[in-house]
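Colleague: Below: sequence and its predicted model.
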Amino acid sequence: MQNSLYIRHLEILLQRYLVAMSSFKLDAIVIASGKPSYYFEDDNSHPYKPFAAAQQWLPFDLPAGCYIVIQHDKPELIWPAKQDFWHMDNPIPEGEWQAHWHIIPALNDDWLTSLPERVALIGPDPVGPLQHSPTLLTWLNYDRATKTDYEIACLEAASDLAVKGHLAAQSAFLAGASEFDTHLAYLKATTQDACDTPYPNIVAINEHAAVLHYEQKAHHRPFRPLTLLVDAGAQFNGYASDITRTTTALQDDFSALVADMDALQQGIAAQAVAGTPFLELHQKSLIGVAGLLNKHDICSLSVEEQLEKRIPHHFYPHGLGHLLGLQVHDVGGRQTNPQGQIIAPPKSSPFVRLTRHLNDNMVLTIEPGLYFIPMLLEKLRAEQPQHGCNLDKIEQLRPYGGVRIEDNIVVGVEGVRNLTRERFAKYG
């Protein structure tokens, strides 16, 4: 990756933070990376992940115990220099990035004495007299929704890794692998351990695909494997990819549904240009799912009737997508300004995570789906007697679980860049 991208990234971050310091009448901002956390009544720690606002500043995985101080044109990095014979040392990474930082190895918190009087902290752990400032973080989260060119390059690299994993998972499934073995094939192809993935891999065969956040991994392959849904990503410098693919073992009615969902997903993704209200795209996805229900003889009602009776919501209960970045569900998706005012999701779609208008260089997921979830189907029959659904066809498709197609895209003024499709074209 070009160092010039990182230099420009630092300049943009400094500009954002200086504006925040002026607005909050501060002379400095301290960002804490966080400390290890532990299981209850146990000395075994959780997998560590740095606070995203701290990770945003550095071009490598930030270890625990770091602090970043913003008060001048050159940021300061307080690096933990404690001696510890139980664990590996964290040497300061080499590289051109060092020329743009004041690096201060610290054995303790004495560096706090050099801070000015008007200072605020953001981060998970208080340090000295400093406590986390939620209002300051909310202000900074608003701009995090728009990515720098460096951040887009990191997200592209994360997509590259994940696509390799998805292709390996698909091959493993078609060769006879279980969910667990498919999961291992994904990890090997992406050179990740399970604790390194940005979120727990979803590897679901058959009806397990109807569990939206299915995190188990069955060791035994079902007698009649029909479909595989893999929702999995990778990380690069802390930035995450989030990709879903549905693979079918047969050429049948369900594989035709998967093909049509893929076409619907691509059509909506192409419309995610700057200035578009994301809720408008979500509504188009509901219209599209209603069309698929009708086309595939799952529901005989017209699209208009289905929407009036909220039929698609029972087959597609989640939002169309979300912002993507240092967090898989990245921050600022509902904010209308730095002060924290939000646009709430509609009551008919309460799980929509992104409600604001799209801006140039936002990175987000587009992930429509259609599932046969027993709980929601039972609710539909109980609450809407005139549902128009073909119950026999639904019973035929229930063993397949469901379909979801998810790409990671970069919003542009005149078009959309699809990071996921680019990488599948490269490797597929």
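Modeller: Alright, I've got the coordinates. Everything numeric here is computed off the predicted structure, so don't read it as measured data.

Colleague: Tell me who's in contact with the residue most central in space within the chain.
Modeller: What sits nearest the mean C-alpha location of the chain, by Cα atoms, centre = their mean, is Val328, with 2.1 Å. Contact analysis of Val328 by Cβ atoms under 8 Å, 6 or more residues apart in numbering lists Pro198, Tyr199, Gly233, Ala240, Asp242, His322. No exception for glycine: its C-beta is placed from N, CA and C like everyone else's.

Colleague: What distance do you get for Thr113 to Ala106?
Modeller: 12 Å (Cβ to Cβ, to the nearest Å).

Colleague: With Ala169 instead?
Modeller: 43 Å.

Colleague: Over to Asp149?
Modeller: Using Cβ to Cβ, Asp149 is found at 32 Å from Ala106.

Colleague: cool, and Ala99?
Modeller: 20 Å.

Colleague: Which one of those two is surrounded by more residues?
Modeller: For Ala99 versus Ala106, neighbours defined as other Cβ atoms under 10 Å are more numerous around Ala106 (17 against 9).

Colleague: Quick check: pLDDT value at the more buried one.
Modeller: Reported pLDDT at Ala106 in the predicted model: 93.

Colleague: do Leu370 as well
Modeller: pLDDT, read off for Leu370, is 98.

Colleague: roughly how far is stretch 390-406 from the heart of the chain?
Modeller: 26 Å (Cα atoms, centre = their mean, to the nearest Å).

Colleague: Same check on stretch 203-217?
Modeller: Centroid displacement of stretch 203-217 relative to its chain, using Cα atoms, centre = their mean, is 18 Å.

Colleague: for it, which positions count as buried?
Modeller: Val203, Ala204, Ile205, Asn206, Glu207, His208, Ala209, Ala210, Val211, Leu212, Tyr214, Lys217 (16 or more other Cβ atoms under 10 Å).

Colleague: among the contacts of Val328, which ones are buried?
Modeller: Buried subset of these (neighbour count, 16+ other Cβ under 10 Å): Pro198, Tyr199, Gly233, Ala240, Asp242, His322.

Colleague: from what I can see the last one touches His329, true?
Modeller: Yes: applying Cβ atoms under 8 Å, one finds His322 in contact with His329, separated by 4.9 Å.

Colleague: Next, show the common contact partners of those two.
Modeller: In contact with both His322 and His329: Arg353, using Cβ under 8 Å, 6+ apart.

Colleague: For Tyr371, give me its contacts.
Modeller: Taking Cβ under 8 Å, 6+ apart, we find Tyr371 in contact with Ala209, Ala210, Leu212, Phe315, Tyr316, Pro317, Gly401, Gly402, Val403, Arg404.

Colleague: can you give me the strands in the stretch 51-200 of the chain?
Modeller: 67-70, 76-80, 102-106, 119-122 (DSSP state E, counting those that start in this stretch).

Colleague: Tabulate these (TSV), appending distance to Pro47.
Modeller: Formatted as TSV, these follow (distance: least, Cβ to Cβ, whole Å):
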stretch	distance to Pro47
strand 67-70	21
strand 76-80	18
strand 102-106	25
strand 119-122	22
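
Colleague: Most tightly packed of the ones you listed?
Modeller: Highest mean neighbour count of those: strand 67-70, a mean of 23 (counted as mean count of other Cβ atoms under 10 Å).

Colleague: Can you list the helices and strands that it packs against?
Modeller: helix 3-23, strand 28-32, strand 76-80 (3 or more Cβ pairs under 8 Å, 6 or more residues apart in numbering; DSSP states H and E).

Colleague: Pick the most buried one from these.
Modeller: Taking mean count of other Cβ under 10 Å, strand 28-32 is the most buried of these, at a mean of 23.

Colleague: Next one: the residue nearest to the centre of the chain relative to Leu14, how far apart?
Modeller: Val328 is 26 Å from Leu14, by Cβ to Cβ.

Colleague: Which element, helix or strand, includes Val258?
Modeller: helix 253-269 (DSSP states H and E).

Colleague: For that helix, buried residues please.
Modeller: Buried residues in helix 253-269 (16+ other Cβ under 10 Å): Phe254, Ser255, Leu257, Val258, Asp260, Met261, Asp262, Leu264, Gln265, Ile268, Ala269.

Colleague: Redo those residues as JSON lines? Include distance to Leu397 and pLDDT.
Modeller: Output for the buried residues of helix 253-269, formatted as JSON lines (distance: Cβ to Cβ, whole Å; pLDDT from 0 to 100):
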{"residue": "Phe254", "distance to Leu397": "6", "pLDDT": "98"}
{"residue": "Ser255", "distance to Leu397": "11", "pLDDT": "98"}
{"residue": "Leu257", "distance to Leu397": "8", "pLDDT": "98"}
{"residue": "Val258", "distance to Leu397": "11", "pLDDT": "98"}
{"residue": "Asp260", "distance to Leu397": "13", "pLDDT": "98"}
{"residue": "Met261", "distance to Leu397": "13", "pLDDT": "98"}
{"residue": "Asp262", "distance to Leu397": "17", "pLDDT": "98"}
{"residue": "Leu264", "distance to Leu397": "17", "pLDDT": "98"}
{"residue": "Gln265", "distance to Leu397": "19", "pLDDT": "98"}
{"residue": "Ile268", "distance to Leu397": "22", "pLDDT": "98"}
{"residue": "Ala269", "distance to Leu397": "25", "pLDDT": "98"}
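
Colleague: Show me which of these is closest to Ile70.
Modeller: Ala269 (36.2 Å; Cβ to Cβ).

Colleague: Does that closest one touch Ile409 like I think?
Modeller: Yes: using Cβ under 8 Å, Ala269 makes contact with Ile409 at a distance of 5.5 Å.

Colleague: what's the domain layout of this protein?
Modeller: By the record's domain assignment, the chain is partitioned as 3-144, 149-427 (automatic domain parsing).

Colleague: deepest of the ones you listed, which one?
Modeller: It is domain 149-427: most buried of these by mean count of other Cβ under 10 Å, with a mean of 19.

Colleague: That one: end-to-end distance?
Modeller: One end of domain 149-427 sits 24 Å from the other (Cα to Cα, to the nearest Å).
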